[in-house]
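Undergrad: please find the sequence and the predicted model below.
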Amino acid sequence: MTTRAQAALNARRIDLNLLRVFDAVFEDRNLLRAGKRLHLSQSAISHALGRLREALQDELFVRTPKGMEPTARALAMAPALREALRSIHDTLGVQPFDPASTARSFVVAANDYVTSVLLTRLAACMGEVGGAQAIDLVVRPSTRLDLAEQIDVGRIDIALGIFAEVPARFQSARLWLQEDVLVFRRGHALARRKPRVADLADFPLLTVSLGGQEEGAVSGFIAERGLARQSEMFDRAALEDALAAAGLRPRYRITVPHSLAVPDLLAGSDMVSIVPAPLAQAFVARRELLAKALPYATQQATMRAVWHRRHEHDPAHVWLREQLARLALSFRA
C-alpha cells in the first residue's frame, strides 16, 4: 500500500474527538490551554495529537518559544475543519445559553474611549440583579499591533473600533456613526463664541493618536493581516485641508495615546482637542470640558464590532453582540 493510500485509510478512521483536540490546539497554540478548554489533561492532549499526527502523517504543530505553530498542512485544513465541527455542533443541537448561570469569559479589545462610554454600561448591566452574573469580561487594548492575529487564534473574542477594511474571514456590525467635536476647558475664550477655522491655527492642539508611522500607520490607519484599523482619533486630513484653504497650518503641541487624559491636559491651558462626539458628551456630562461643533466638515466614522466567523452562531457570542448593539443605540447619529 502506498503512503498516500495509507494516509487516506488512516484519515477515514479518525476519531471525531481528535479533531476537537486539533481545533483547540490550533486556536490556543498551547497544549495546557487546549486541555483546559476540553477538560483534558496536558498528557491526554499530547497523546491525542500524537494519534492525529500518525493518522495524517504530518507534524501538524511545531513547538516554538511562541507556542505551538501550525504546519502548512494544519493551516490548510483548519478553516474547513472548524466549519465542519460547527456544522456538526449545530446539527446535533447546542446547549441553551443563560448569562445568569452559564459560565463564560469574553475577551474584548477596545481603547479607553470605547471602554469608558460603552463597556462601562455593559459592566453595569452584567452586575444588575438577574443580569449576567456568570459572565466575566477581560478588556485588552485594541491598539496592539497583532490585533488581527489575536482574533485569528481565538485570544480575542470581539474587537471594537474604527476599521477601514474588514477581511472576509471576519464578521462585523455597525455600532454607531460618530463625528468629530471640538473640546476645551471651561472658561476658554471659545466658550463665548462660535469657533472659526483660524482658531485651529491660533490655539495649539492636543491630539489623540493610537499609533504613528513607526507602527506602519498610513493615512490614519494601521493594517495587519488585512484588518485596517484607525490609528488617529480624529480626521486629520479634514482639519489640515480646512486650514490649508485659509493659508494656515495647525500646531500639534501634545499628542497622547490615551483619550481619557484629555481633560487633565486641557485644564489650565488654551489648547483645544478634537475628539469623537460620544466622548465629548461624556466629558461635558461630567462637567470636565465644554464642546462645540467644528467650523469645517468632517467624515463620519463608523464604530464597529469585529469578530471571527467561527463565533457567528455561538449562542453566548450572539448574546454579547446583542448587548453591545442595544447599549450602542444611544450613540447612533
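TA: Looks like it came in fine. Residues are numbered from 1 along each chain as shown.

Undergrad: same for whichever strand or helix holds L75, what does it pack against?
TA: Using DSSP states H and E, the element containing L75 is helix 72-92. Contacts defined by 3 or more Cβ pairs under 8 Å, 6 or more residues apart in numbering; DSSP states H and E place helix 72-92 against helix 16-28. For every residue, glycine as well, the C-beta is placed using N, CA and C.

Undergrad: just the buried residues of the helix it packs on, please?
TA: Residues L18, L19, R20, V21, F22, D23, A24, V25, F26, E27, D28 are the ones in helix 16-28 that count as buried (16 or more other Cβ atoms under 10 Å).

Undergrad: which parts of the protein are helices?
TA: For the chain, applying DSSP state H gives helices covering 3-12, 16-28, 31-38, 42-56, 72-92, 112-114, 120-127, 147-152, 199-202, 236-245, 262-266, 277-285, 315-328.

Undergrad: any chance of these in TSV, plus mean pLDDT and distance to A103?
TA: Shown next, in TSV, are the helices of the chain (pLDDT from 0 to 100; distance: least, Cβ to Cβ, whole Å):
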stretch	mean pLDDT	distance to A103
helix 3-12	48	35
helix 16-28	87	18
helix 31-38	82	13
helix 42-56	88	21
helix 72-92	82	19
helix 112-114	96	25
helix 120-127	91	13
helix 147-152	92	22
helix 199-202	97	51
helix 236-245	96	44
helix 262-266	98	37
helix 277-285	96	32
helix 315-328	94	10
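
Undergrad: among the ones you listed, which is the most enclosed?
TA: Highest mean neighbour count of those: helix 112-114, a mean of 24 (counted as mean count of other Cβ atoms under 10 Å).

Undergrad: about what we covered before: closest one to G187 among the helices of the chain?
TA: Each of the helices of the chain has some distance to G187 by Cβ to Cβ; the shortest is helix 262-266, at 10.9 Å.

Undergrad: what's that closest one in contact with?
TA: Here helix 262-266 makes contact (Cβ atoms under 8 Å, 6 or more residues apart in numbering) with 183-185, 206, 208, 254, 256, 271-273, 275, 283, 286, 288-289.

Undergrad: which of these has the most neighbours?
TA: S273 (29 neighbours; other Cβ atoms under 10 Å).

Undergrad: list the contacts of the residue nearest to that one when sequence neighbours are not counted.
TA: Leaving aside its sequence neighbours, S273 sits nearest to L206 (Cβ to Cβ, 6 or more residues apart in numbering; 4.3 Å). Contacts of L206 were listed using Cβ under 8 Å, 6+ apart, and they are R253, I254, T255, V256, V262, L265, L266, S269, M271, V272, S273.

Undergrad: please flag which of those residues sit within strands.
TA: Secondary structure from DSSP state E places R253, I254, T255, V256, V272, S273 of the contacts of L206 in strands.

Undergrad: closest to K194 among those?
TA: Closest to K194, out of all of the ones in strands among the contacts of L206 and judged by Cβ to Cβ, is V272, at 13.5 Å.

Undergrad: just checking, V208 touches L260?
TA: No - using Cβ atoms under 8 Å, V208 is not in contact with L260, being 9.6 Å away.

Undergrad: need the pLDDT of the residue nearest in space to the middle of the chain.
TA: By Cα atoms, centre = their mean, the chain has its centre lying nearest to A159, at 1.7 Å. For A159, the model assigns a pLDDT of 98.

Undergrad: the residue nearest to S273 pairs with what?
TA: I254, S273 (DSSP bridges).

Undergrad: tell me how many other residues crowd V117.
TA: V117 has 22 nearby residues by other Cβ under 10 Å.

Undergrad: check contacts around it.
TA: P278, L279, A282, F331.

Undergrad: need the residues you listed in JSON lines (columns: distance to V318).
TA: Formatted as JSON lines, the contacts of V117 follow (distance: Cβ to Cβ, whole Å):
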{"residue": "P278", "distance to V318": "24"}
{"residue": "L279", "distance to V318": "28"}
{"residue": "A282", "distance to V318": "28"}
{"residue": "F331", "distance to V318": "21"}
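
Undergrad: looking at those, which is nearest V306?
TA: Scanning the contacts of V117 for proximity to V306, where the rule is Cβ to Cβ, the winner is F331, at 17.2 Å.

Undergrad: assess the claim that the closest one and L324 are in contact.
TA: No - if you go by Cβ under 8 Å, F331 and L324 don't touch, sitting 11.1 Å apart.

Undergrad: pull up the overlap in contacts between those two.
TA: L118, L175.

Undergrad: tell me how many other residues crowd the residue nearest to R169 when sequence neighbours are not counted.
TA: Distances taken as Cβ to Cβ, 6+ apart put R309 closest to R169, at 5.9 Å, once the chain neighbours are dropped. A count of nearby residues for R309, using other Cβ under 10 Å, gives 15.
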